[in-house]
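In: give the three-dimensional model of this entry:
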Amino acid sequence: DRSEGCIVTDLSFPAYLYNRYTANPDDLEEGLFKGKILVQGYKAVFTSPSSAKDTSSRTTDAAKKSFNEIKVKKHVAQIINMKKVTPHLITYIACQVQFSPSSITSWQSIDGDFDYIQF
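Out: Sure thing, here's the model as predicted:
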């Protein structure tokens, strides 16, 4: 059911989790955890804030070459020797993305109708 004033709860799959912000009602797993904001949040936390600016999977040869020539500090993923994205990391970033536009000023397990622990 679609209605104005829809309440997003811990049992909802918020649109930002989906590719193109749209869920397929016949297959809720299609595009899930591929949303642009979720990917940008992941990149901002684990690689670098500047890497979050472009979420496309295409990288030009010139960009690859210039990236390899630049000496930069290690990013979080390198520091913690992260080799792959896990369900726990996706959950962590999903909670951060859910929390970031919130009006609460410190972490709470419940934000209005949204229960982060249940989520």
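In: quick check: what element follows the worst-scoring helix or strand of the chain on mean pLDDT along the chain?
Out: Ranked by mean pLDDT, DSSP states H and E, the helix or strand of the chain with the weakest confidence is helix 61-69, at a mean of 50. Per DSSP states H and E, helix 61-69 leads on to helix 76-79 as the next helix or strand towards the C-terminus.
In: give me the contact list for that following helix.
Out: 45, 46, 47, 82 (CB atoms under 8 Å, 6 or more residues apart in numbering). C-beta: built from backbone N, CA, C; applies to glycine.
In: same question for stretch 25-33.
Out: Here stretch 25-33 makes contact (CB under 8 Å, 6+ apart) with 13, 17, 18, 19, 20, 22, 23, 24, 90, 94.
In: average pLDDT for it?
Out: In this model, stretch 25-33 carries a mean pLDDT of 89.
In: just the contacts of stretch 25-33: which are in helices?
Out: Secondary structure from DSSP state H places 90, 94 of the contacts of stretch 25-33 in helices.
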